[in-house]
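Chemist: let me see the structure of the following:
(chains A and B)
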Amino acid sequence: MSRRFRFGPRAKDIDADVRREIEAHLEQRAKEFEREGMSLEQARNAALTAFGDREEIEAKVRALRDTTVRQQRRRLWFDDIRLDTRMALRSLLKSPTFTVVALLTLGLGIGANTAVFSVLRSVILRPLPYPDSDRLVQIWTDHRARGRAEPEWLTPPQYEAYVSQNRTFEFVAGYQGWGPNLTGEGNPEAIAGGAVSADFLNVLGVPPALGRGFLPSDDDPNAEQVVILSDALWKRRFNADPKILEAGIQLNGEIWTVIGVMPESFHPPQQWEILRTLRLPSPNPCGHGCIVMQAIGRLQPGVTVAQAQVDLQAITERMTAEAPQEYEGVGSWLVPLHDQVTGPVRPALFALFGAVLFVMLLACVNLASLMLVRAGSRGREFGLRAALGAGRGRIVRQLLTESLVLAVMGGLVGLMMGWIGTRVLARMIPSGIQSVQQIRPDGIVVAFTVGLALLAGVVFGIVPALQTARADLMGVLRTAHAQGSRRLGVLRRGLVAAELAIALVLLVGAGLLLRTFLSLQQTDLGFRTDGIVTAGIFFTPARYQVIERVDGALDDLLQGLRAHPSVSAVEVADIPPLAPGGDQDMTLLADGLLPPDGQRPSGIWFRRVSHGYLSLLGVQLLEGRLFGPEDRMGTERVAVITRETARRLWPTQDAVGRFATTSTDPEATRVRIIGVIGDLRHDGPMVPIKPQVFLSLEQFRTRGATLLLTPENDRGAAIGALRSTLNEIDADMPLVGITSLDERYAAATQLPRYFATILSAFAAAALLLSVIGVYGMMAYSVSQRRQEIGVRLALGARPEGVLTLIMGEGARLALLGLGAGIVLAALSTRLLQANLYGVGKFDVPTFAVVSLILVASALLACWIPARRAGAVDPVIALREE
Amino acid sequence: MAGSDLFTGSLDILILKSLNWGPLHGYAIGKWIRQWTTEVLPVQEGALYPALHRMERKGLLEEEWGVTETNREAKFYRLTREGRKQLKTDVIRWKTYAQVMSRALAAAQP
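Modeler: Numbers count the residues shown, from 1 in each chain, chains lettered A, B, ... in the order given. Sure thing, here's the model as predicted:
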């Protein structure tokens, strides 16, 4: 090994040094004794005796000297670093354009990575905010064998069997949604809440901060009505007054006792603000037929999800004996709670992270390429320094220091960009997920950024540094065209082709997502959304004890609104279109046509609507008629079905005029089909078409309803009219979630829209970076070949020929990058699969258009240097030699 | 330590003092100490060198190879700024110490 790379003092040198020093002493001392009259030999001996044990002293001095030298080296090394850093800063300041471009490139790459990683870490990588949250699972029912792709809720007996018979769970808790109307002091407010079994908080493992949790006795239908409040609700509505405990609050017109308040840090997966107990009646009147429960569980320590799955599956299978029609082919379906909560954004975030790593790679390649050019143009500087005695190691170190200094500065820029980027990106994550997994940068994110910056510094610094070191420095000093620069050229060409390939991957990804978004926009929902305002109301049982009273109040409300000058039309549905989560289905049989043995009839999704609802939404009437005033309480019960429902129930016959029933029971409700309408995508463009049936709200009552209202011209005035009319009828009734169908549509397509936008931004950045890379390389290459071009021109080549030559070179490079990019893209679009709708992962038009964009951009980047090459004046170019 | 018969620390302060007027090589330092202590303090001459190198490690001295007045090669030692400061405080400390000690030992009463 050569001396340069040895660390620590050289033992032999120290030894000689010490010996020399001692010897000099002894010689002089002997001389002194000689002057005193001793013989040469006597003097030497006297000197040695006076000195003491020479060996021992030498050993001691050697040891001391050794540590001293080490210390000095270390100090020197730090001095060198300080010097290198100062030199690097000075040299970066001397070429401000290079520095700014490099910092922006790096800052962009690091910033984008920090932002995506920060969101990924907050949402996906961080465990849910509950103790031992990896043991929490969501318990679903599996109806896939019966043709339902989505996981289903549970029946009350199924939930009770899971609680009492499981052997793998510490706790299982059931729950249902609950949206009580809070009245009393302040405005009436609909609170998002849950009716939960007593073990719910045990499952999550978080006790109340104030008061007590639920006891099994609270779950009795006859027990006192008790609730637990969220910290936010307690602060918002009750001024954080601890005296609220054991005091009554008014919900839905009844008095409930507050027994506890949850800690501020507690955010249940369902974003509830108030909890009550389930209080299921026993025996449950709604038996195996009602799919109305949801459940979560906490696994026993050491139990896997698969084991619990087997356990619950066995329980479900035992239930088949009890009620074969309900449970035949039904299984259990466990999803880790973390996946359940973060599932919707997981694929998008991982795909974005992949994309952003590519951008980082691109930034590094571009910087390496920039550094190579810089190193090339500084050949003389380094040659001179080598001639003045700088070792190669020293020059390599200086180059590395320069790139590290650049990386650290870029890291700072990146951290700032990342901070902004995180906020932008967070908008992609639905607020429901954010309320559980709050997005905030933490130490790990900062460590990630710092690590990335340093890694980038080494990655883009090492190649040019080693290249420069390998090049014959003295040769560089003598001529500008050393062998090294040719090798450098090949390397740079490879880097630029790689850049183009990476840019293509991102362009393909962005293209596919944009196509997805476009195809979502082009998807016909089957109804109009424009200008329709929606607002929810609820008629509480406390005030409207008999449901007939709802009719009167609803009638008054509708009539009052229709008479109002600022309202053009108003209709009602129990569930509005584009409602996030929550749909309802029922069994519907074609009268007289029984389903084949043992096969459960497929559920039909139903909505109860006012008479004008379907015409307000502008649905397409295919056959028969829509609802009219004649379809009210007391007249024959009627239904309007969609084409898909008609196809399922009467595959070969006309549906209009036929009867359908909710079961084979002769007492069951029968409805006559009066019309067939076109299929609707009530849940938005991404959800497949479902079979639907519409019933008349006047014949099938509901307490909860959503008003759909078209303003005469001003939306604000219409909402004002809504408030004032409602206030006249029932001052305690809250309006829930005033929004519009357009806003609901935007929310339903929010994720694909943001995802497409963000990936497009990354792809644009990638394209820009690679185009800069191509331009930089071609411009450098042309400037290096001025003399060659000059000779060609002098020998009669035409400027167009030179232009073609350079463009040809660029085109070869672009095609190389394109080929590699297509292969790479084909391999990596799998990452995006889960986010694509209505477009394949190998979508040929996308690949074609994107390839065209890439090649065109690359050629454009070559055009300017190529023209400059064509314009070379041979006389001037040759004189430069 | 060799030369432990010397009062602890006295060798170090003597070395510092000997370098007060400029760089000296090891032999010259030893000779200066012998002269000024009139050989009363029995220093084993070799003990000087570990002391010199220990002080160098502490940053009190700096070394450099040079040529003596008799044209011989020798290692010269020089006070650093640290060393000069150390000398100043040590001298004050020693003077106080010596005064106190001699007054106490000259005591005429129990």
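
Chemist: so residue A:61 sits right up against residue A:18, yeah?
Modeler: Yes - counting by Cβ atoms under 8 Å, residue A:61 touches residue A:18, with 5.0 Å between them. (Glycine included, C-beta is placed from N, CA and C.)

Chemist: residue contacts, the spatially most central residue of chain A?
Modeler: With distances taken as Cα atoms, centre = their mean, the residue of chain A nearest its centroid is residue A:349 (3.0 Å). For residue A:349, the residues meeting the contact criterion (Cβ atoms under 8 Å, 6 or more residues apart in numbering or on different chains) are A:116, A:119, A:120, A:123, A:124.

Chemist: ranges for the strands of the stretch 451-600 of chain A?
Modeler: In chain order, the stretch 451-600 of chain A shows strands spanning A:533-538, A:567-573, A:585-587, A:589-590, with DSSP state E, counting those that start in this stretch as the criterion.

Chemist: name the residues that touch the helix or strand following the shortest one?
Modeler: Note on strand A:589-590: by DSSP states H and E, the next helix or strand toward the C-terminus is strand A:603-609. Judged by Cβ under 8 Å, 6+ apart, the contacts made with strand A:603-609 from elsewhere in the structure are A:148, A:571-575, A:583-588, A:627, A:641, A:645, A:648, A:682, A:690-697, A:700-702.

Chemist: for the lengthiest helix in chain B, which positions count as buried?
Modeler: Secondary structure assigned by DSSP state H gives helix B:81-105 as the longest helix of chain B. Across helix B:81-105, burial judged by 16 or more other Cβ atoms under 10 Å in any protein chain shown covers B:83, B:86, B:87, B:90.

Chemist: same question, stretch A:402-420
Modeler: By neighbour count, and taking 16+ other Cβ under 10 Å as the criterion, the buried residues in stretch A:402-420 are A:402-407, A:409-415, A:417-418.

Chemist: relative to residue A:637, which of the strands of the stretch 451-600 of chain A is closest?
Modeler: If you check each of the strands of the stretch 451-600 of chain A against residue A:637 by Cβ to Cβ, strand A:585-587 wins as the nearest, at 13.3 Å.

Chemist: my guess is residue A:685 contacts residue A:523. True?
Modeler: Yes - using Cβ under 8 Å, residue A:685 makes contact with residue A:523 at a distance of 3.8 Å.

Chemist: tell me which residues are up against stretch A:518-529.
Modeler: A:577-578, A:617-620, A:678-682, A:684-686, A:740-742, A:744-745, A:749, A:752, A:837-839.

Chemist: tell me which of those residues fall in strands.
Modeler: By the criterion of DSSP state E, membership of these in strands covers residue A:740.

Chemist: pull out the buried residues from the contacts of stretch A:518-529.
Modeler: Among the contacts of stretch A:518-529, those scoring as buried are A:577-578, A:617, A:619, A:679-682, A:684-685, A:740-741, A:744-745, A:749, A:752, A:839 (criterion: 16+ other Cβ under 10 Å).

Chemist: mind checking which of these land in helices?
Modeler: The helices, defined by DSSP H, take in A:741, A:744, A:745, A:752 from the buried ones among the contacts of stretch A:518-529.

Chemist: same for chain B: which of those residues are within range?
Modeler: Under the cut-off given by Cβ under 8 Å from any Cβ of the partner chain, chain B has nothing from these close to it.

Chemist: so which of those residues is the closest to residue A:243?
Modeler: Proximity of these to residue A:243, judged by Cβ to Cβ, is greatest for residue A:744, which lies at 40.4 Å.

Chemist: test my guess that the closest one contacts residue A:578.
Modeler: Yes - using Cβ under 8 Å, residue A:744 makes contact with residue A:578 at a distance of 3.8 Å.

Chemist: residue ranges of the strands in chain B, please?
Modeler: B:24-25, B:61-67, B:73-79.

Chemist: tell me which of those sits nearest to residue A:762.
Modeler: When those are compared for distance to residue A:762 using Cβ to Cβ, the nearest one is strand B:61-67, at 58.3 Å.

Chemist: list the contacts of that closest one.
Modeler: The list of residues contacting strand B:61-67 from outside it, by Cβ under 8 Å, 6+ apart, reads B:15, B:19, B:23, B:25, B:52, B:55-56, B:73-80, B:83.

Chemist: can you do 6 Å?
Modeler: Contact with strand B:61-67 is made by B:55, B:56, B:75, B:76, B:77, B:78, B:80, B:83, as judged by Cβ atoms under 6 Å, 6 or more residues apart in numbering or on different chains.

Chemist: restricted to buried residues, select the residues you listed in PyMOL.
Modeler: Selection command for PyMOL covering only the buried members of the contacts of strand B:61-67, criterion 16+ other Cβ under 10 Å:
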select buried, chain B and resi 55+56+75+76+77+80+83
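
Chemist: quick one: mean pLDDT for stretch A:178-198?
Modeler: Averaged across stretch A:178-198, the pLDDT comes to 82.

Chemist: what's the closest of the buried residues of stretch A:402-420 to residue A:812?
Modeler: For residue A:812, the closest of the buried residues of stretch A:402-420 turns out to be residue A:403, at 29.5 Å, with distances computed as Cβ to Cβ.
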